[in-house]
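>>> when you get a sec, could you give me coordinates for this:
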Amino acid sequence: MSPVEAVKVGSALENNSLEYSFDVVVEDAFGILLKLSEPTGEDAALWKPCKEPDPEQLAFELPFTELPCEEPSGIEIEDSRYDYFDWQTYFGPGVPVPIVHYNTTRNQTEADMQVIHVDSLAVVGLDCEWAHNDRRSYNTLPEDEFDTSKTRMMRITDCLSVILLSCEVNGAHHIYITHLSRFPIIGDDMDQLIPPTLRTILESSDIFKVGVGVKGDGDKIEQWLGIKVRGLRCTLQMQRVANGEPQSLKHYRGMQGLTKTYFGLAVKDKDQFGQTSVWNIQGKLLPRQYQYACNDAILPLLLDAALFQKLLDYAYIPSQDVPTETSEYKPPKPRVIDPSQKEQIATFEKDDPKSLALLDKLTAFRDSVLIAQGHDPYGPNNVQYYVANSRSILRLTQYRPSTVEEMSNVKGLGSQTKKEYFYDFLNVVQEYLGIEPTPEPEGWKDQYNKDKILRTLFLERCAEEEFRFIVCDEKIWTMIWAVGSEEVERLLRH
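From the prediction side, this is the model:
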């Protein structure tokens, strides 16, 4: 099927112009977009959605199991085709469990770093965690108008909350959790966050820092701590070299995909209670955070070892054929005014300059979320609708909703703005108006996160079954998904 036909299907779904029951619409969309052969010749011009796709083309099962609620509670969906990686059980009986060093002070961290550095490290796993839920800390450090109790140093540890390292010393594996947001801090001296031996390890080009997309972690460290991280070796690039495609940009489904490929295991807690949880917590890490941190610290080291051996088996020399990188943080581009906003902005500047200030705050929040997700808000790809497009920003600026009811009644908001980021944008307006922010109800994002996990598992299964899902791009998928995720889940279950 051509991209044009794919867009037609998506548009038809969006406009509800396919006169079928929901079951048939979804089955047709999945069957045609993901499996059926591309029509050719005259058939292509006469192509129409099939009301009764061949059952064999949709005869796959995608098992799901919901985890029992933990503390904190929330929805998490397991992919029961795989067991989960667990740092405590992976090495098997008779092999010592990795030793975990949980450091909450500069002196603790320095003592541990001196020990491992003395042992002449060659390779360390590296990963970072930060406060995904703190919208005022994603990318810049403006004066915090809404929380004057936070110092600049505290906001830095919102943006870089935990540094994870792992290494193997004398046959024993070690995990180092450096919880920066718990470091005692007085004043603005950056050295309070940077133990000198940790700096030495990070800056050394002779010690490989390995991980999945590890340059992003290096950039994060350089951005917030001012340390130039050298010797970064990406496991994705190792996989590309092993596959004979070193110039490609393939992602191989990240850590999740590589862990399944090399260990036959899935990675757990890729949700708001693990990966995207409150890492700048002032107390001890929660149990699921601790579990996630240990897994995320040791996996880069294990994946690097597996890929290193694979490269040797293929007669590569990893140290030569997989070039290392150095962190290279680049400040974000200044915000560019969207052409569709120019006329309205001119009106604000002339008649209502206060609205222009609110527009800037809403836009800055939208941009910070996109940047945190790895997108360029003003790049060639239109990614703004992932959070809020220009129309949504202008609507919020014009109507200034101050309550949940008023926010619900604002017309013309995009689906993401009214779903995942509903309370985030409402709070931006409320804080601008000097109103106490409305707390987000417990479980508000649970269904949304469940939908995202379902989508990820669905596409992973389609890839394994060699379905032609590639023509179903992000925008078309969004249109299909909007028809009703509960029904999609029901179809996937059966």
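
>>> how about stretch 107-117: buried residues?
108-110, 112-113, 116-117 (16 or more other C-beta atoms under 10 Å). C-beta: built from backbone N, CA, C; applies to glycine.

>>> closest one of the residues you listed to residue 158?
Closest approach between the buried residues of stretch 107-117 and residue 158, by C-beta to C-beta: residue 109, at 18.8 Å.

>>> just the pLDDT for the closest one.
For residue 109, the pLDDT comes out at 96.

>>> look up how far residue 406 lies from it.
48 Å (C-beta to C-beta, to the nearest Å).

>>> any idea how far residue 208 is from residue 99?
Counting by C-beta to C-beta, the gap from residue 208 to residue 99 is 21 Å.

>>> neighbour-wise, which of those two wins?
Per other C-beta atoms under 10 Å, whichever of residue 208 and residue 99 has more neighbours is residue 208, with 23 against 11.

>>> what about residue 118, how many neighbours?
Using other C-beta under 10 Å, residue 118 has 10 neighbouring residues.

>>> now do the one 5 residues further on
Residue 123: 19 surrounding residues under other C-beta under 10 Å.

>>> which residue ranges form the strands in this protein?
64-66, 77-79, 83-84, 99-103, 123-129, 162-169, 172-179, 208-211, 232-234, 265-266 (DSSP state E).

>>> looking at these, which has the lowest confidence?
Ranked by mean pLDDT, the strands of the chain end with strand 64-66 in last place, scoring a mean of 32.

>>> the domain parsing of the protein - what is it?
3-60+446-493, 85-321, 339-433 (automatic domain parsing).

>>> comparing those domains by mean pLDDT, which bottoms out?
When I compare the domains of the chain, domain 3-60+446-493 is least confident, with a mean of 47.

>>> related to what we said a few turns ago, closest to residue 167 among the buried residues of stretch 107-117?
residue 116 (5.7 Å).

>>> can you list the buried residues in stretch 196-216?
Taking 16+ other C-beta under 10 Å as the criterion, stretch 196-216 shows 197-199, 201-202, 204, 207-216 as buried.

>>> CA atoms only: put that stretch into PDB for me.
C-alpha atoms of stretch 196-216 as PDB (Å, rounded to 0.1, in the frame of the first residue of the first chain):
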ATOM      1  CA  PRO A 196      37.100  14.600  42.100                       C
ATOM      2  CA  THR A 197      37.700  10.900  41.300                       C
ATOM      3  CA  LEU A 198      34.300  10.700  39.700                       C
ATOM      4  CA  ARG A 199      35.300  13.600  37.500                       C
ATOM      5  CA  THR A 200      38.600  11.900  36.600                       C
ATOM      6  CA  ILE A 201      36.800   8.700  35.600                       C
ATOM      7  CA  LEU A 202      34.200  10.500  33.500                       C
ATOM      8  CA  GLU A 203      36.900  12.700  31.800                       C
ATOM      9  CA  SER A 204      39.300   9.800  31.000                       C
ATOM     10  CA  SER A 205      39.400   8.700  27.400                       C
ATOM     11  CA  ASP A 206      41.200   5.500  28.600                       C
ATOM     12  CA  ILE A 207      38.100   4.300  30.600                       C
ATOM     13  CA  PHE A 208      35.200   3.300  28.300                       C
ATOM     14  CA  LYS A 209      31.800   4.500  29.500                       C
ATOM     15  CA  VAL A 210      29.300   2.200  27.900                       C
ATOM     16  CA  GLY A 211      25.600   2.200  27.500                       C
ATOM     17  CA  VAL A 212      22.600   2.300  25.100                       C
ATOM     18  CA  GLY A 213      22.700   5.800  23.600                       C
ATOM     19  CA  VAL A 214      25.300   6.700  26.200                       C
ATOM     20  CA  LYS A 215      26.300  10.000  24.500                       C
ATOM     21  CA  GLY A 216      23.000  11.400  25.600                       C
END
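
>>> that's all I had, so thanks and see you.
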